[in-house]
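>>> predicted coordinates and the sequence they were generated for:
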Amino acid sequence: MPTSDIALAIIGGTGLYQFDGLQDIETHQPVTHYGALSGPVRVGTLAGCRVAFLARHGEGHSVPPHKVNYRANLAALQALGATCVLALNTVGGITESFGPRVLACPDQLIDYTWGRISTLCEEEGTEVLHVDFGEPYTLSLRARVLEAARTAGVALVDGGCYGATQGPRLETRAEIARMRRDGCDLVGMTGMPEAGLARELGLDYACLAIVANWAAGAGPQIDEVITLQDVLENVEAASSGLPALVTQMLSG
C-alpha cells in the first residue's frame with residue numbers, strides 16, 4: 001500500500017547508501033511482480049515532507065550495475081506512492097567542466113549498455129510502449145533541481161550528456177575517446193535502463209551526477225590510477241551539498 005504523501009523518492013548510487021537528514025524513518029520492502037529490489041526502502045521526513053530513499057546497489061553495495069533490478073526498484077517506489085524520482089549517480093568525468101568533485105544535472109544521455117532488461121514490455125502479453133524519450137530527463141523536475149541549487153548556494157553544473165556503460169569494469173581509454181567523440185561529458189554504469197523505465201512508468205525523473213574521478217585518459221593526468229579511496233573521498237565532497245539542495249526542493 002502507498003505510504004502517505006511521498007514528495008520525493010531518491011535512489012542513491014555508489015558511496016551513497018543512506019540520505020543524511022531523514023528522520024522518523026520507516027522501512028518498507030514492497031513485493032513487485034518484477035522480482036526483488038536492491039534492498040529496503042527507507043521512508044522518512046525531511047523539511048516536513050515524506051521522502052523515500054533506496055540504495056541502488058544495496059546498502060552493502062552487493063549488487064553490480066548490470067545486475068540491478070531497475071524495474072523492481074522503480075515499481076517499488078511507485079507502489080509506495082512516489083511520482084517523482086531523483087537519481088544520484090556516481091560517475092566519471094570526460095570533458096573539461098566535469099572533473100572530480102563536480103555535481104552536475106545532465107540533460108541528455110547515450111545508452112551503451114547491453115543485455116539488461118530495459119523495458120516493461122519484456123514479458124509476453126504486456127502492452128507495447130513507445131514512449132517519447134527525446135528529453136530523457138523530466139524538464140520540470142530538472143528546473144526544480146537547478147532552482148533549488150541556486151537558492152541553496154550549491155554549485156551545480158547545468159547540462160551535460162551522460163554515457164551509460166555496462167560495467168562493472170571501468171572503461172578503456174579508447175572507449176572514453178569514442179564517448180567523447182559521441183558527445184558524452186560523463187560516464188556511469190546505472191543511468192540506463194533506469195531513466196527509460198521511469199518514463200515508461202510515468203514517473204518524473206532527473207539525475208544528479210556526482211563526479212568521482214576522471215575517466216580513463218581524461219583530465220590533466222592521463223596516467224592517473226583510480227583508487228577506491230579517492231573515489232569515496234570525491235563522492236563525499238561532491239555530495240556534501242545534497243541535503244541542502246533537496247531540502248530546498250521540498251520547501252521551495
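All right, it came through fine. The structure presented is a predicted model; accordingly, all values stated were derived computationally and were not measured.
>>> pLDDT below threshold where in the stretch 1-150 of the chain?
Applying pLDDT under 70 to the stretch 1-150 of the chain picks out residues 1-4.
>>> that one: helices as residue ranges?
Taking DSSP state H, counting those that start in this stretch as the criterion, the stretch 1-150 of the chain contains helices spanning 70-79, 139-152.
>>> now those as JSON lines including distance to V85 and mean neighbour count?
Any C-beta I mention is one placed from the backbone N, CA and C, and that applies to glycine too. Compiled in JSON lines, these are given as follows (distance: least, CB to CB, whole Å; neighbours: other CB atoms under 10 Å):
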{"stretch": "helix 70-79", "distance to V85": "6", "mean neighbour count": "23"}
{"stretch": "helix 139-152", "distance to V85": "8", "mean neighbour count": "17"}
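>>> in JSON lines, list these along with distance to N213.
Below are the helices of the stretch 1-150 of the chain laid out as JSON lines (distance: least, CB to CB, whole Å):
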{"stretch": "helix 70-79", "distance to N213": "24"}
{"stretch": "helix 139-152", "distance to N213": "22"}
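>>> right, and those helices - which one's nearest H130?
Closest of the helices of the stretch 1-150 of the chain to H130 is helix 70-79, at 17.6 Å (criterion: CB to CB).
>>> what lies in contact with that closest one?
The contact list for helix 70-79 (CB atoms under 8 Å, 6 or more residues apart in numbering) reads 2, 9, 11, 28-30, 32-38, 41, 52, 54, 56, 85, 116-117, 120, 193-194, 197-198, 201, 203.
>>> let's see it at 7 Å
The contact list for helix 70-79, computed with CB atoms under 7 Å, 6 or more residues apart in numbering, reads 2, 9, 11, 30, 32, 34-38, 41, 52, 54, 56, 85, 117, 120, 193-194, 197-198, 201, 203.
>>> ditto for stretch 213-230
Residues outside stretch 213-230 that contact it (CB under 7 Å, 6+ apart): 92-94, 99-100, 170-173, 176-177, 187, 231, 234.
>>> so which of the helices of the stretch 1-150 of the chain comes closest to G48?
helix 139-152 (15.3 Å).
>>> which SSE is immediately downstream of that closest one?
Sequence order places strand 157-158 as the next helix or strand after helix 139-152, per DSSP states H and E.
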